[in-house]
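Visitor: structural data only, the sequence is not supplied:
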């Protein structure tokens, strides 16, 4: 998992428990000798994972990328936008990525269908066990609830490299960290009207942060002051103004809806990076990241 | 031929309505009504579009009707077979099922043979209101009786009770979302039931295992012996599962169509041929037959 994720709320991350039971892990190791990747989820965290994956599931195929610190599910439209769900190792009761790195493409729709196999049945704890044997093999998900088992096998597609939306951290123009509630309302009010683009304006003078759309019905704008109780951090030394396609911004709405805090950053080329922090019932924090390239450089056209 | 019946219990009227709605959903609309001195039977008419699935509801007249009088086709064939559009009958019972105090169903000959549904409805004024519906029917000739009646006994390889309805429906509904076409239901004699969609060539497969399902008591095929895990694996490896592959959408639609609380559903598996589901009490029985779509190369 990239180091930049720890930038926001380093405290919570350090508090997060990582007490993986070594003995149980050894027993699992024995029964899954051929697997290069094993991860086991339990009840409440499983619900959180379903919620997170649902919020990024606008596309059918996702990149699955597991490293030692956790799993990334990435959906993208290459060169336009990308959404990444980070499932930290702490969410899992057992986690073992033996090759150091596992990556493939998989149908997110079917992953979700498998995880939700027993949703709607009242019962005891549900567990989900992910296993993967290596290239050419299917991703196996075993779900268990009140004595019922489901074994799912989902075909994987090999991938070598993934071209990610490139956000230049050294060239960052601004950064806003706020509670998601205010951002949710702001986005809702401007995304209600169909239009092509959403403009984000920021400056170190009032009104500080503005979201704006122009549609057939008229212009709609939402502003947030840096002195608002919802804003935790506001850095923007210069005036900036970038436009993004509304369709792409809409992809982030579901993730925004389930998150607790939001961080918005824009780099020198206008690449927008939004991070949504989600806290589980067991106080584990995890992130969804949304990266998007600008639609039109508004400044150039004016 | 004469038929006259009366129901004066609201619960029974609602029950009849729910049975008809279930049958309406599980058939293509044309149903047959078989009336015999001790049987009141509704079943779907076999047609090329029904994919040979059929539904049959068998009701003991004593349980449903307060009054049940009939005279059959002939003295040596004391039965009546009627063909009708189930939707028309459902329509005629829609309002009575909610508030009728009394319902009379009789065979009449108005502008052709009809089933006359006469309901006594409560009214705001002292006198009660009466509504009469005539449902047109066709009398089925005696010679055709045998050809329209579904088989009473269907041989089966194994019989078992299905897992709790709610769990089963949730799993099947979820499987339907995976856009697979077929569902394989397998049972072994050690009480394991498996429901599977997809296979390795389709890119997605899911197999749900329900352990410890029950068997009908009278079934001598059931061997209640205790087995160890190794033995169980041995049996499973040998493939001693009786299974049938059926259309997933048909099966999911069947579970959705059921209009009454289902406590226990029995399933008769005829290996690679068909599935027969039956549920109900001693007075009422609903059976649904689904043929297998494939000989089963899973």
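Guide: Here it is on my side, so go on. Computed from a predicted structure; not experimentally measured. Numbers count the residues shown, from 1 in each chain, chains lettered A, B, ... in the order given.

Visitor: would you say residue B:18 is within a helix?
Guide: Yes: counting by DSSP: H, G, I helix; E, B strand; the rest coil, residue B:18 falls inside a helix.

Visitor: mind listing the helices for chain B?
Guide: Applying DSSP state H to chain B gives helices spanning B:10-26, B:61-64, B:86-99, B:145-148, B:165-176, B:229-238, B:248-257.

Visitor: packing partners for the third one?
Guide: The one in question is helix B:86-99. On a contact count with 3 or more CB pairs under 8 Å, 6 or more residues apart in numbering or on different chains; DSSP states H and E, helix B:86-99 meets helix B:10-26, strand B:112-121, strand B:129-136. (C-beta placed from N, C-alpha, C; glycine too.)

Visitor: circling back to that earlier point, out of the helices of chain B, which gets nearest to residue A:165?
Guide: Minimum separation from residue A:165 across the helices of chain B (CB to CB) falls at helix B:165-176, 33.0 Å.

Visitor: from chain A, how far out is the spatially closest residue to residue B:3 that is not a sequence neighbour?
Guide: Distances taken as CB to CB, 6 or more residues apart in numbering or on different chains place residue B:107 nearest to residue B:3, at 3.9 Å, with adjacent residues excluded. Applying CB to the nearest CB, to the nearest Å, the value for residue B:107 to chain A is 45 Å.

Visitor: count of residues packed around residue B:107?
Guide: If you count neighbours by other CB atoms under 10 Å in any protein chain shown, residue B:107 ends up with 21.

Visitor: go ahead and confirm it touches residue B:117.
Guide: No: using CB atoms under 8 Å, residue B:107 is not in contact with residue B:117, being 11.1 Å away.

Visitor: give me the number of neighbouring residues for residue B:207.
Guide: Residue crowding around residue B:207 was assessed by other CB under 10 Å; the count is 19.

Visitor: chain neighbours aside, what residue packs nearest to it?
Guide: Counting by CB to CB, 6+ apart, the residue nearest residue B:207 is residue B:196, at 4.2 Å.

Visitor: and if you look at residue B:69?
Guide: Nearest residue to residue B:69 in three dimensions, chain neighbours excluded: residue B:4, at 4.8 Å (CB to CB, 6+ apart).

Visitor: how about residue B:74?
Guide: In space, and not counting its chain neighbours, residue B:74 is closest to residue B:142: 7.1 Å by CB to CB, 6+ apart.

Visitor: who touches the one you found in this structure?
Guide: By CB atoms under 8 Å, 6 or more residues apart in numbering or on different chains, residue B:142 lies in contact with B:73, B:74, B:77.

Visitor: please report how far the last one lies from residue B:107.
Guide: What that stands for is residue B:77. Residue B:77 sits 16 Å away from residue B:107, going by CB to CB, to the nearest Å.

Visitor: likewise for the first one?
Guide: Distance of residue B:73 to residue B:107, computed by CB to CB: 12 Å.

Visitor: before we move on, what about residue B:161?
Guide: 38 Å.

Visitor: same check, this time on residue A:203
Guide: 85 Å.

Visitor: could you find the closest non-adjacent residue to the closest residue to chain B within the stretch 151-300 of chain A?
Guide: Nearest residue of the stretch 151-300 of chain A to chain B: residue A:155, at 3.6 Å (CB to the nearest CB). In space, and not counting its chain neighbours, residue A:155 is closest to residue B:203: 3.6 Å by CB to CB, 6+ apart.

Visitor: what residues are up against the one you found?
Guide: Taking CB under 8 Å, 6+ apart, we find residue B:203 in contact with A:107, A:154, A:155.

Visitor: got those residues as TSV, with neighbour count, secondary structure and pLDDT columns?
Guide: Output for the contacts of residue B:203, formatted as TSV (neighbours: other CB atoms under 10 Å in any protein chain shown; DSSP: H, G, I helix; E, B strand; the rest coil; pLDDT from 0 to 100):
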residue	neighbour count	secondary structure	pLDDT
A:107	20	strand	92
A:154	23	strand	92
A:155	19	coil	92
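
Visitor: so how many other residues sit close to the nearest residue to residue A:98 once chain neighbours are set aside?
Guide: Excluding the flanking residues, the one nearest residue A:98 by CB to CB, 6+ apart is residue A:36, at 5.0 Å. Neighbour count for residue A:36, taken as other CB under 10 Å: 19.

Visitor: residue A:36 against residue A:134, yeah?
Guide: Yes: contact criterion CB under 8 Å: residue A:36 and residue A:134 qualify, at 4.9 Å.

Visitor: shaky segments in chain B?
Guide: Residue ranges of chain B with pLDDT under 70: B:47-51, B:200, B:218-239, B:294-298.

Visitor: and it, which residues reach chain A?
Guide: Proximity of chain B to chain A (CB under 8 Å from any CB of the partner chain) is limited to residues B:163, B:166-167, B:170-171, B:173-175, B:177-178, B:200, B:203-212.

Visitor: if we can go back for a sec, what subset of the contacts of residue B:142 is buried?
Guide: residue B:73 (16 or more other CB atoms under 10 Å in any protein chain shown).

Visitor: could the contacts of residue B:142 go into JSON lines alongside distance to residue B:23?
Guide: What follows is the contacts of residue B:142, written out as JSON lines (distance: CB to CB, whole Å):
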{"residue": "B:73", "distance to residue B:23": "23"}
{"residue": "B:74", "distance to residue B:23": "28"}
{"residue": "B:77", "distance to residue B:23": "24"}
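
Visitor: after whichever helix in chain A runs longest, heading C-terminal, what element do we hit next?
Guide: As assigned by DSSP H, the longest helix anywhere in chain A is helix A:43-56. Next in sequence after helix A:43-56, counting helices and strands by DSSP states H and E, comes strand A:61-67.

Visitor: the inter-axis angle of that next one versus helix A:43-56?
Guide: With axes from the mean of the first three to the mean of the last three CA atoms, to 10 degrees applied, the angle from strand A:61-67 to helix A:43-56 works out at 130 degrees.

Visitor: just the buried residues of strand A:61-67, please?
Guide: A:62, A:63, A:64, A:65, A:66, A:67.

Visitor: so what touches it?
Guide: Taking CB under 8 Å, 6+ apart as the rule, strand A:61-67 contacts A:1, A:37, A:39, A:56, A:71-76, A:97, A:100-108, A:111, A:139, A:156-157, A:159, A:162.

Visitor: each with direction, which strands does that strand pair with?
Guide: strand A:70-77 (antiparallel), strand A:101-107 (antiparallel) (DSSP bridges).
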